[in-house]
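Undergrad: just a sequence and a predicted model for now, questions to come.
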Amino acid sequence: MGCFPDFVGSDALRARIGDAVRRNRLSHAYLIEGPEGSGKRTFARMIAAAVSCERREDDDAPLPCGECPACKKILSDRSTDVHYLDRGDRATVSVDAVRDLRREMALSPTELDTRFFIIDDADAMTPPAQNALLISLEEPPAGVLILLLAESADGLLPTVRSRVQTLRLEPVPTEDVRKYLLRVSPEARKLESEGGGKLDAVIAASHGRIGVALAYLTPKREAALLKMRETVQNVIAAAASGARYADVCRAVFALPSKRTELAAHFVPLIEAIRDLIVLKRSPDAPLLFYVDRAGARELADRADYLRLVKIYDACRDASDAVDANGNVQTILTSLAVAVSRQN
């Protein structure tokens, strides 16, 4: 049977780790790397369940089986031998928190053969905290498996990275995201039945991260996402089609005036103009923002290549200015001037 059948994506990785579990050849420590919403914590919990599964040596059973007492406890976060550490509402994971966890590692399991220590936000550990963890990574206590979760290994010291095996979670293909959402989410099925590309917009915004897609499937966040996309499309349509300066200003100044919200809008803005640029060169290229390929190609055809590149550069400059704490009104004015047809 398959390994980690309830985890979507990263097929080769799932097979490799499942085989290591069945052969009892797991390392003592792993770094699970992937962006927010990619399923790092879910995968870590499934590894713990697989190691503890009472049917892990049964090739005819899925791994984890999900039905034995150990699997049920771990997968429902009720096992006393699975310990989590994250930064909570703090900016970092402190050295004291890691030292407390290290002392916990010295204790014996209460119900399983292995104790699991899952450190979320591992890249937020301070350097002293990472150095404190090194002792456990170099000489792990018997019966302990350490799982570090991080968006990027770059936030970890080289000495830490060299003592763990890295497991990189890959983005989930679009069609697999769709199938999963339609299987588990009534809201996704509702959006699909409504049509209009609403579910497609959620899937596009998730960038292959099922956790992000599920987070969007609440009425409030879904409405905010669709409004953001509409605002972005209006800006790009006005700029790409060479609309009058007044019309470009109207579209640009519909962007949020709050800095954090404006910064979030520049991500899909840049993705949208990127889509139009690549469509000029390759009509069948994968798209990041647009879900209506025909509409995007029509818009791309109305703008010359150099204008699209100019708009892209202007959006990048404006995004950088927002990150540098520039004046928001000045940034929006400069953007409108840069992308209007008079320039």
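TA: Perfect, thanks for sending it.

Undergrad: phi first, then psi, for Phe116.
TA: Main-chain dihedrals, Phe116, degrees, to the nearest 10: phi -120, psi 130.

Undergrad: now find how far off-centre whichever strand or helix holds Asn131 is within its chain.
TA: Per DSSP states H and E: Asn131 is located in helix 127-138. Relative to its chain's centre, helix 127-138 lies at 26 Å (Cα atoms, centre = their mean, to the nearest Å).

Undergrad: so for that helix, mean pLDDT?
TA: On average, the pLDDT along helix 127-138 is 92.

Undergrad: same check on stretch 47-58?
TA: 93.

Undergrad: those strands in the stretch 1-150 of the chain, which residues are they?
TA: 29-33, 82-85, 115-119, 144-150 (DSSP state E, counting those that start in this stretch).

Undergrad: tell me how far Glu33 lies from Gln233.
TA: As for Glu33, its distance to Gln233 is 33 Å (criterion: Cβ to Cβ, to the nearest Å). Every residue, glycine included, has its C-beta placed from N, CA and C.

Undergrad: swap that for Val8, please
TA: Val8 is 29 Å from Gln233, by Cβ to Cβ.

Undergrad: and the helix holding Asn131, which residues are buried?
TA: Across helix 127-138, burial judged by 16 or more other Cβ atoms under 10 Å covers 129-130, 132-133, 136-137.

Undergrad: present these as JSON lines; the columns should include distance to Thr330.
TA: Formatted as JSON lines, these follow (distance: Cβ to Cβ, whole Å):
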{"residue": "Ala129", "distance to Thr330": "40"}
{"residue": "Gln130", "distance to Thr330": "41"}
{"residue": "Ala132", "distance to Thr330": "46"}
{"residue": "Leu133", "distance to Thr330": "45"}
{"residue": "Ser136", "distance to Thr330": "51"}
{"residue": "Leu137", "distance to Thr330": "49"}
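
Undergrad: pick the one among these closest to Lys258.
TA: Ala129 (33.3 Å; Cβ to Cβ).

Undergrad: what segments of the stretch 151-300 of the chain are helices?
TA: Using DSSP state H, counting those that start in this stretch, the helices of the stretch 151-300 of the chain run over residues 158-161, 174-184, 186-194, 198-206, 210-216, 219-240, 245-252, 259-281, 293-302.

Undergrad: what's the most buried one of these?
TA: helix 198-206 (a mean of 23; mean count of other Cβ atoms under 10 Å).

Undergrad: which strands and helices lie in contact with that helix?
TA: Under the contact criterion of 3 or more Cβ pairs under 8 Å, 6 or more residues apart in numbering; DSSP states H and E, helix 198-206 touches helix 174-184, helix 186-194, helix 210-216, helix 219-240.

Undergrad: quick one: the second one to helix 198-206, angle?
TA: Pointing back at helix 186-194 there. 130 degrees (axes from the mean of the first three to the mean of the last three Cα atoms, to 10 degrees).

Undergrad: and the contacts of helix 186-194?
TA: 181-182, 198-199, 202, 217-219, 222 (Cβ atoms under 8 Å, 6 or more residues apart in numbering).

Undergrad: quick check: phi and psi on Arg244?
TA: According to degrees, to the nearest 10, Arg244 has phi -60, psi 160.

Undergrad: quick one: pLDDT of it?
TA: Arg244 is given a pLDDT of 85.

Undergrad: burial count for it?
TA: When neighbours are counted by other Cβ atoms under 10 Å, Arg244 registers 12.

Undergrad: that one and Thr231: what is the separation?
TA: With Cβ to Cβ as the criterion, Arg244 and Thr231 are 19 Å apart.

Undergrad: again, but for Leu134
TA: 47 Å.

Undergrad: also Val82?
TA: 43 Å.

Undergrad: for Thr174, same thing?
TA: 23 Å.

Undergrad: now Thr166
TA: Per Cβ to Cβ, Thr166 is found 38 Å from Thr231.

Undergrad: likewise Ala50?
TA: 44 Å.

Undergrad: repeat that for Glu33.
TA: From Glu33 to Thr231 the distance is 33 Å (Cβ to Cβ).

Undergrad: do Thr260 as well
TA: 15 Å.

Undergrad: then Val172?
TA: 27 Å.

Undergrad: Ala263 now?
TA: Ala263 is 14 Å from Thr231, by Cβ to Cβ.

Undergrad: and for Lys72?
TA: Distance from Lys72 to Thr231, by Cβ to Cβ: 45 Å.

Undergrad: got it, and Cys53?
TA: In terms of Cβ to Cβ, Cys53 sits 48 Å off from Thr231.

Undergrad: thought Asp121 was touching Leu149?
TA: Yes. In this structure Asp121 lies within contact range of Leu149 using Cβ atoms under 8 Å: 7.2 Å.

Undergrad: the two: which is more packed in?
TA: Set Asp121 next to Leu149 and count neighbours by other Cβ under 10 Å: Leu149 wins out with 25 against 19.

Undergrad: which residues does the more buried one contact?
TA: Neighbours of Leu149 in contact, by Cβ under 8 Å, 6+ apart: 31-32, 40-41, 44, 118-122.

Undergrad: can we see that at 7 Å?
TA: Contacts of Leu149 were listed using Cβ atoms under 7 Å, 6 or more residues apart in numbering, and they are 32, 40-41, 44, 118-120, 122.

Undergrad: great, nothing more from me.
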